[in-house]
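Student: Below are the sequence and a predicted model for it; my questions follow.
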Amino acid sequence: MSHWLLRFGFCSMPVRNGAFHTSVHHLTVTCATQIRTTLHCAYCFLWNCWRVLLFAAFIPCGMQLMIGNCRELAGPTVTSTMPSVVLFNVKKRNHRGKVQERKMIIDEELQMLRTKTPEDRLRREIPLYFLCELNFETSAEFPNVAVLRWQKRAPTAHSTYYLIFDSAEQRLHFASVIVKVCASATGFKPKGNYMDHLPKDSAQVSTEECACDADGDAQAPTSPTPAGMEEEAEAGSGDELYELVAEGFGSEDSQLCIVVLGASGDLAKKKIYPVLWNLYAKSRIPRSTLFIGYARSQMSHDDLVKRLKPYLKAQAGEEALLDSFCDALEYVSGTYDEPESYAGLDTYIERRVVESGKKFSNRVFYLALPPSVFKPVTTNLKAKCMTKEGWTRVIVEKPFGKDSESFKQLKLHLDSLFTEDQLFRIDHYLGKEMVQNLLVLRFSNAFLSPLWSARDIKMVLITMKEPFGTQGRGGYFDEFGIIRDVMQNHLLQVLTLVAMEKPLRQDADAIRDEKVKCLRYIKPLTAKDVILGQYVANPIEGVEESSRGYLDDETVPAGSKTPTFATAVFYINNDRWEGVPFVIKCGKALNEKKAEIRVQFKDPPSLFEEAPRNELIMRIQPNEAVYMKMCVKQPGMTFDVEQAELDLNYNSRFSEADNPDAYERLVLDAIRGSAINFVRTDELEEAWRIFTPLLKEIDAGVIEPVPYKFGSRGPESADKMIEDLGYTYTRSKWAKQV
C-alpha cells in the first residue's frame, strides 16, 4: 500500500521500507516499522482528501470572481446575432402523397439540410451542394409549395422533396436562405423558377439579418441581391455540380471567352463544338460565355452554323436551347502567321466584353490545328491575345513532337511563351470514365493493395483494338504510325496509372509526380521488345474498307513500312514490379473495337488441380465494366473447379448516371484550371526517352512489319510473344456475353 500511495502522490512524506532479513529479530523490527509506516500513510491519505474537498468547494467561487474581474476589465459582453441554424416548421408530402409535419433545419455553418420529426427525431441529413433545382408550385389545396430536387448521388431515398409552407413569406425566406447557403457551398445557385417569385432586391439574405421568432419560425429577409447572382444562376449544373475553381469564373466583372482556333476543321466540327454545346446545355458553363471561332476560311455566321449543326445533338425539349447556342456562335477570319490578324482578334474580344457589360475577360484558346502551325499561332497568341486582367489558358492537341529532339524544340518554344499552369496538353484517354476510375479502384479498395505487386501479379496486358483502317487518312497516319498515334501517349498514360505508387495528395502535381517516377524506371525499348504489323486486304462482307490493305491507300507512300499494329513489352525496374511484364497491344483493322486492362494474377497454391488464374479486367470501351475472374465450384454433384466472373457493368449499374464525353470532362477541367487530367512536360520527356530509340529504327526501315489480315487478331507472332511471357487465355462458359 505504501508503494501505491507513494507512486500516485497521496502521501506528502517519503516512506522508507525496512530491509528484509532472514533472522526473526530483524523480521519483527521490519514488520513493526511497516505497520507504523502504513498507519502514517493512512493518516496522510485522509488529510489530503479533506484538503481536496475544501479546494473543490472554493473553485466555483474563485472562478466566478475571476470571470467577474475579467468582465470588468474587458467591458460589457456582446452577444452575436449571427445564427448558424435556421429552423422552418413545414409540412412534407411524401412519395405516397401523405402529408407529415416536419422540421427543416438549415445549418449554415455545415451547409447541411436536416429533416426532423416534431418529436426532434432526425430523419435525414443532406449536404446542400447536392441540391440542383428549386421550384415554387401552387395548387388549390396547397398554395405555397416548394419542390426540392436532389442529385442522384445525394444521401436520400427520394430525389424530390415537396415542402408545404403556411405562408408565401415563409416559403420566400426558406428559398432565400437555402439559395444563399448553396451559393456559398458550390459557387452556384440551384436552377428553378423560384427566381421569378423572389423580389428583385431580395434574392439573397445576409447571415446577419436572419432571425427566428419565439416559435422558431424564420422571419422574412430584407437584404438585397448581390450583383452577378443572375449570372451565377446560369452557371449551376443540373445532375452533377462542378466546383469551378478558376479565378474570376462567373463573377460579376469577368467574361468567359472560348476561342476555337481551326474552327473550320474536322476536329472542331466533330468534337470541340459538340463538347461546348453539351457544357452549355447542361449549364456547366455560363450561358453568357462568348464562343468565337477563328480560321483562315471566309465564313458567315450562317455558314458556320450550317457546318456545325448536324453534329450538335439536342435532347427532346432542347431545340430552343440549341437555337440559342447557335445564335451565340461567332466567327473571325484571319491568318495563322500574321500578327495583325491576332491583333484584330484581340480587338474583337475586347469589344464583345465591353458590350456584355463586363470589365475583363478570362480566355481559353483551343488549338484544333495541325502541328505545323503551332509555333506561329502560339507566338502570336502570346504577343497579341493575352488578357490584361484575367487568366489565359491554351489547350494543345497531340502530337507533342515526333521524338525526343522535336519535343525538346517544341518544349523550349512553349516554355518561352507560357507558364506550366497556362498550358493544357490534352490526351483524351485521360478523360475516359474507366481511366479516371483507376485511381479510385487502386487506392480505395483495401483488398487490392496487398495484391498489387510482383509477389502476386503475373502480367499486365493493356489492349486497344480498332476494327477499321486509316479510312482515307493514310497519308497523315503514315507520318506518325501506330506507336506515335496511340501507344506513346494514350496507352502509356494508362500504364502509369496502373503501376504508379500512391500519391501524397489528390492533386495534379502529386499524381503526375508519381507517374513520372514510374516512367523513369522503364528502360528504352529496342527491336527485340516489339512485334510490328501492317494490315493487308481481306474482303469481308459488309465492310467495304476490308478489300484494301494499308499500302492500297493512294495517300500512303509506296513501300511504306509504317506499322499499323504494335505489341511491346515494358519492365518497370523497381521493388514493386521487378520481373512483371507490362504488355501494350494496339492496332488498326483488327477483329473488334475494344480497349481494356487485364491484370492476371499468379497461379495460387490450390487444393484443386488446374485451377484457372484469377484476373481483374477493366474495360475502358465499349460498355465500360470492371470484372474479376475467380474460381468457384462447378454446379452439380462434383467438386470440379469452374471460372466465373464478378461483373460490374456500368451501363447496367449506373444506367441513370450522366457519363460525359472524355473531351467534355477535359475542356471543363481546363476552364476550371484543374490540370490533374493533363500531361505535364516531364511526363512527355520520359515517354519520348522510352520510345525514341525504337522509333529511329522503325523510321530507318530496320524493322519489317509483319503482314496481317484485315479483321484478324493481328500477327500470330504477337499472341505467341504474349503467351511466352506467361499470359494464359481463359474464358468461362458461364460468362455473360456483352
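Tutor: In hand now; what should we look at? Numbers count the residues shown, from 1 in each chain.
Student: in the stretch 51-200 of the chain, which segments are predicted with low confidence?
Tutor: Counting by pLDDT under 70, the stretch 51-200 of the chain contains low-confidence ranges at 51-84, 95-96, 153, 185-188, 198-200.
Student: all helices of it, in order?
Tutor: Applying DSSP state H, counting those that start in this stretch to the stretch 51-200 of the chain gives helices spanning 168-186, 194-197.
Student: Isn't residue 696 up against residue 404?
Tutor: No - using CB atoms under 8 Å, residue 696 is not in contact with residue 404, being 9.7 Å away. (C-beta placed from N, C-alpha, C; glycine too.)
Student: more crowded one of those two?
Tutor: Higher neighbour count among residue 696 and residue 404: residue 404, with 20 against 12, using other CB atoms under 10 Å.
Student: From residue 411, how far off is that one?
Tutor: Computed with CB to CB, to the nearest Å, the distance linking residue 404 and residue 411 is 10 Å.
Student: Which neighbours do the two have in common?
Tutor: In the contact map built from CB atoms under 8 Å, 6 or more residues apart in numbering, the residues linked to both residue 404 and residue 411 are residue 685.
Student: What ranges in the chain fall below the confidence cut-off?
Tutor: The chain contains residues with pLDDT under 70 at 1-84, 95-96, 153, 185-188, 198-252, 606, 731-738.
Student: Mind telling me which residue is nearest the centre of it?
Tutor: Nearest residue to the geometric centre of the chain (CA atoms, centre = their mean): residue 436, 6.7 Å.
Student: Look at that residue and tell me its secondary structure.
Tutor: Of the three states, residue 436 takes helix according to DSSP: H, G, I helix; E, B strand; the rest coil.
Student: isn't it right up against residue 677?
Tutor: Yes - with contact taken as CB under 8 Å, residue 436 and residue 677 are classed as touching, separated by 7.0 Å.
Student: What's the end-to-end length of stretch 694-706?
Tutor: For stretch 694-706, the first-to-last residue distance is 16 Å (CA to CA, to the nearest Å).
Student: buried residues in that stretch?
Tutor: 694, 695, 698, 703, 705, 706 (16 or more other CB atoms under 10 Å).
Student: what does stretch 340-357 give?
Tutor: Counting neighbours by 16+ other CB under 10 Å, stretch 340-357 gives 341, 342, 344, 345, 346, 348, 349, 352, 353 as buried.
Student: cool, and stretch 515-530?
Tutor: Applying 16+ other CB under 10 Å to stretch 515-530 flags 515, 516, 517, 518, 519, 521, 522, 525, 529, 530 as buried.
Student: Count the residues that sit near residue 254.
Tutor: There are 24 residues near residue 254, going by other CB under 10 Å.
Student: Thought residue 363 was touching it, still the case?
Tutor: No - the pair residue 254 and residue 363 fails to qualify as a contact (CB under 8 Å) at a distance of 10.3 Å.
Student: which residues do those two both contact?
Tutor: Residues within reach of residue 254 and of residue 363 at once, by CB under 8 Å, 6+ apart, are residue 390.
Student: quick one, strands of the stretch 601-738 of the chain?
Tutor: Defined through DSSP state E, counting those that start in this stretch, the strands belonging to the stretch 601-738 of the chain, from first to last, are 615-621, 625-633, 641-649, 706-709.
Student: can you put those in a markdown table and add distance to residue 132?
Tutor: Converted to a markdown table, those look like this (distance: least, CB to CB, whole Å):
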| stretch | distance to residue 132 |
| --- | --- |
| strand 615-621 | 28 |
| strand 625-633 | 28 |
| strand 641-649 | 26 |
| strand 706-709 | 50 |
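Student: Quickly compare the ones you listed and say which is most buried.
Tutor: Highest mean neighbour count of the strands of the stretch 601-738 of the chain: strand 615-621, a mean of 20 (counted as mean count of other CB atoms under 10 Å).
Student: For that one, which helices and strands make contact with it?
Tutor: The helices and strands touching strand 615-621, judged by 3 or more CB pairs under 8 Å, 6 or more residues apart in numbering; DSSP states H and E, are helix 433-443, strand 594-601, strand 625-633.
Student: Mind putting the ones you listed into TSV with distance to residue 273?
Tutor: Converted to TSV, these look like this (distance: least, CB to CB, whole Å):
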stretch	distance to residue 273
helix 433-443	22
strand 594-601	25
strand 625-633	30
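Student: and residue 194, which of the ones you listed is closest to it?
Tutor: Between residue 194 and those, the shortest gap by CB to CB is with helix 433-443, which sits at 33.3 Å.
Student: between the buried residues of stretch 694-706, which is closest to residue 196?
Tutor: Within the buried residues of stretch 694-706, proximity to residue 196 (CB to CB) peaks at residue 695, which comes in at 61.6 Å.
Student: residues in contact with the closest one?
Tutor: With CB under 8 Å, 6+ apart as the criterion, the residues that contact residue 695 are 402, 403, 483, 484.
Student: Tell me how far the third one lies from residue 667.
Tutor: Just to be clear, that refers to residue 483. Between residue 483 and residue 667 the distance is 27 Å, computed by CB to CB.
Student: Endpoint to endpoint, stretch 381-396 covers what distance?
Tutor: End-to-end for stretch 381-396, by CA to CA: 13 Å.
Student: now the strands for the stretch 451-600 of the chain?
Tutor: Counting by DSSP E, counting those that start in this stretch, the strands of the stretch 451-600 of the chain are 457-465, 530-536, 565-571, 581-587, 594-601.
Student: Now do the strands in the stretch 151-300 of the chain.
Tutor: Listed in chain order, the strands of the stretch 151-300 of the chain (DSSP E, counting those that start in this stretch) span residues 160-164, 254-261, 290-295.
Student: any chance of these in a markdown table, with distance to residue 334 too?
Tutor: As requested, those are arranged in a markdown table below (distance: least, CB to CB, whole Å):
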| stretch | distance to residue 334 |
| --- | --- |
| strand 160-164 | 50 |
| strand 254-261 | 10 |
| strand 290-295 | 6 |
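Student: List just the one of those that sits closest to residue 505.
Tutor: Closest approach to residue 505 among the strands of the stretch 151-300 of the chain (CB to CB): strand 254-261, 28.2 Å.
Student: Show me how far the closest one is from its chain's centre.
Tutor: Counting by CA atoms, centre = their mean, to the nearest Å, strand 254-261 is centred 23 Å from the centre of its parent chain.
Student: just to revisit the earlier point, so which of the buried residues of stretch 694-706 comes closest to residue 550?
Tutor: The closest of those to residue 550 turns out to be residue 705 (CB to CB; 9.0 Å).
Student: coming back round to it: out of the contacts of residue 695, which comes closest to residue 637?
Tutor: residue 483 (52.9 Å).
Student: what's the burial count for the residue nearest to that closest one when sequence neighbours are not counted?
Tutor: In space, residue 483 comes closest to residue 566 once its chain neighbours are excluded; the distance is 5.4 Å by CB to CB, 6 or more residues apart in numbering. By the other CB under 10 Å criterion, the neighbourhood of residue 566 contains 27 residues.
Student: Could you tell me the end-to-end distance of stretch 628-638?
Tutor: With CA to CA as the measure, the first residue of stretch 628-638 is 24 Å from its last.
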